[in-house]
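Undergrad: Show me the folded form of this:
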Amino acid sequence: MHLLIGLFSRMTVLGMIMFLALQFYKTKKSFARLFEGDRRIFLGIFGGIFGILGTILGLGYKGAIINYRDMGVIVASLYGGLPASLISSSIASIHRFFLGGPSGFACAVGTTCAGLLATSLRGWFSRSERKVLLGGFISILSELLHLSVAYFLIVPRSLAADIVLNALAPMVVTNAFGVALILALMRFTEQAIKDASTKVFTATLSLVEDAIRTVEEPSAENLQRFGERLSTILGVEKVVIDMDDKCSREKRDPSVRACLALKVRDRTVGRLIVLNSGELREEQALMLSEIGKFVEMVVVAAKAVKESILAREALMRDFSSKLGPHFLFNTLASIRYLIRAEPENAVKMVDELSELLRYYFRNRESFVTLEEELRMIEYYLSIMKRRHGDSLHYKIDVPEILKDQPVPPMILQPIVENALEHGLRDGKIFVSISANSKDQQLILRVRDRGPGMKSTSRKGTGMTLVETRLRNLYGEKAQVEYKNRGGLIVTISVPLGWNYDKSCYSGRRTAGP
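TA: Now for the predicted structure:
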């Protein structure tokens with residue numbers, strides 16, 4: 001009995017240390033990631049290290065060690081399968097073998113057998129809804145196998161019987177408890193991370209209304225109101241959204257607890273400054289990190305709208321200001337709905353919108369690669385797909401060899417938008433984007449299955465701007481054609497391998513022949 005009490009008390013101390021360590025979010029996240037995806041090698045190492053700890057913290061008895069070494073091996077085997085089982089049992093068994101004693105070899109073999117038995121029951125474990133209880137039961141079976149192997153390998157037989165009889169209850173109970181404890185802590189960790197993510201989504205939902213107002217009218221008053229809402233959600237005294245500050249106040253104001261740079265690529269467009277009399281708690285720091293991404297998107301959008309208003313006479317700015325806000329407001333409204341109904345889709349939609357806005361903000365560049373332009377179109381169509389559902393179908397078919405060709409940024413978006421707006425037929429919208437080369441020309445086609453263009457129809461602003469931009473960049477070497485053939489086909493033709501150097505990606509290009 002004293003062996004059981006002694007071993008169980010040491011197990012309890014180890015469990016308390018693990019529990020305290022998992023009170024920190026970063027530790028929780030690292031622990032949860034260990035059991036996600038294909039991390040068999042790391043699981044094997046984890047199980048092996050726990051096996052060594054179980055041996056070191058064991059109790060000596062007649063040259064043997066009464067321990068909970070198998071605990072880590074069993075957990076690694078249940079989640080990582082055979083590779084993790086072999087790695088963890090090898091680490092723990094080799095360590096035990098070199099400690100020597102009459103049971104050194106027997107216990108090393110027993111640990112390996114325990115891991116293999118747990119591996120064979122992995123399928124049952126994976127399908128179970130009660131993993132904590134089942135894990136404990138599998139541990140009991142594995143320990144009984146371990147001790148059976150030890151009984152037959154330890155000599156003399158009288159010593160084997162004595163060791164196994166005295167080790168039976170302590171090792172079975174402590175290993176089963178240890179496995180159940182690790183599995184329970186993992187469930188606790190997963191739930192804690194899920195709760196934190198839900199809290200961030202709820203906070204983001206309450207920000208959407210102020211975000212729309214800030215983007216629509218990026219005034220100092222709306223930015224201040226947006227910051228006040230952020231401070232309420234984060235539970236801090238003040239949040240300042242500054243589009244120009246370089247955190248200079250951080251040196252002179254001791255209440256500044258965080259100063260996050262809001263960036264578009266490598267260019268800082270603003271700062272999110274948090275002021276509070278006390279240090280930020282861990283959950284506040286987590287929420288600040290996650291919400292900061294959303295704030296960055298809002299500030300980028302607000303700054304884009306503000307600059308487009310100030311520079312309306314510039315063609316690119318005019319182009320962005322006419323096409324950006326209408327699409328943005330509808331998308332933010334969709335995100336507001338999805339956060340409640342489909343949070344995972346809401347996350348994807350926010351990420352896609354963020355990438356799309358980053359791309360829009362690069363409108364000072366004269367050229368991007370066709371691959372970059374198509375990636376932006378895919379983000380755009382993916383967002384529209386989430387809004388239109390099964391009524392929207394699209395296809396992008398572009399050869400890899402053409403994806404490095406330079407094209408003007410945002411040259412396809414207004415054509416695709418036109419196809420979405422006018423391509424409805426029988427309740428369905430189909431958009432096809434393709435590319436090929438012919439006679440030293442890069443040919444891009446956007447096709448829909450709508451009613452087509454009437455001869456009396458006037459081109460919209462977006463289509464007119466596309467033609468103007470192409471004429472400015474390529475002169476007579478670029479063409480835009482419209483054909484009705486089972487819908488409208490818009491064909492853009494620009495010089496293939498246009499005489500340019502890398503400087504064109506910064507807004508400069510060399511002259512063509």
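Undergrad: Which positions within stretch 224-235 qualify as buried?
TA: Neighbour-count burial for stretch 224-235 flags 226-227, 229-231, 233-234 (criterion: 16 or more other CB atoms under 10 Å). C-beta here means a position set from N, CA and C on the backbone, and glycine is covered the same way.
Undergrad: so can I have JSON lines of these showing distance to Ile241?
TA: Shown next, in JSON lines, are those (distance: CB to CB, whole Å):
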{"residue": "Phe226", "distance to Ile241": "6"}
{"residue": "Gly227", "distance to Ile241": "5"}
{"residue": "Arg229", "distance to Ile241": "11"}
{"residue": "Leu230", "distance to Ile241": "8"}
{"residue": "Ser231", "distance to Ile241": "11"}
{"residue": "Ile233", "distance to Ile241": "14"}
{"residue": "Leu234", "distance to Ile241": "13"}
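Undergrad: where's the dip in pLDDT among those?
TA: Across those, no position has a lower pLDDT than Ile233, which has 76.
Undergrad: surely it meets Gln284?
TA: No: between Ile233 and Gln284 there is no contact under CB atoms under 8 Å: 9.8 Å.
Undergrad: quick one: low-confidence parts of the stretch 401-513 of the chain?
TA: Scanning the stretch 401-513 of the chain for pLDDT under 70 picks out 456, 498-513.
Undergrad: Kindly recompute the last result at 80.
TA: Scanning the stretch 401-513 of the chain with the threshold set as pLDDT under 80 gives 454-462, 469, 471-473, 475, 497-513.
Undergrad: what sits against Lys293?
TA: 350, 354 (CB atoms under 8 Å, 6 or more residues apart in numbering).
Undergrad: What distance do you get for it to Ala261?
TA: Per CB to CB, to the nearest Å, Lys293 is found 12 Å from Ala261.
Undergrad: Flag the helix or strand of the chain with the lowest per-element mean pLDDT.
TA: Scoring the helices and strands of the chain by mean pLDDT, DSSP states H and E places helix 249-252 at the bottom, with a mean of 54.
Undergrad: continuing past it, what's the next helix or strand?
TA: strand 256-264 (DSSP states H and E).
Undergrad: all helices of the stretch 301-450 of the chain, in order?
TA: 315-341, 343-360, 370-388, 413-422 (DSSP state H, counting those that start in this stretch).
Undergrad: for the stretch 151-300 of the chain, same thing?
TA: Using DSSP H, counting those that start in this stretch, helices in the stretch 151-300 of the chain cover 157-216, 220-234, 249-252, 282-310.
Undergrad: In terms of mean pLDDT, which of the ones you listed ranks lowest?
TA: Note on the helices of the stretch 151-300 of the chain: lowest mean pLDDT is at helix 249-252, with a mean of 54.
Undergrad: Tell me where the stretch 51-200 of the chain has strands.
TA: Under the criterion DSSP state E, counting those that start in this stretch, strands of the stretch 51-200 of the chain are mapped to 59-61, 64-66.
Undergrad: Pairing partners for the first one, with directions?
TA: Each strand pairing with strand 59-61, determined using DSSP bridges, is listed with its direction: strand 64-66 (antiparallel).
Undergrad: List the contacts of the partner strand.
TA: Here strand 64-66 makes contact (CB under 8 Å, 6+ apart) with 3, 7, 55, 58-60, 96, 99, 101-103, 107, 154, 163, 166-167, 170-171.
Undergrad: Going by neighbour count, which of those are buried?
TA: Neighbour counting with 16+ other CB under 10 Å marks 3, 7, 55, 58-59, 96, 101-103, 107, 154, 163, 166-167, 170-171 as buried within the contacts of strand 64-66.
Undergrad: Provide a list of residue ranges in the stretch 51-200 of the chain with pLDDT below threshold.
TA: 188-200.
Undergrad: so how many other residues sit close to the closest residue to His393 other than its chain neighbours?
TA: Closest residue in space to His393, ignoring its immediate chain neighbours: Phe430 at 4.9 Å, by CB to CB, 6 or more residues apart in numbering. Counted with other CB atoms under 10 Å, the neighbours of Phe430 add up to 18.
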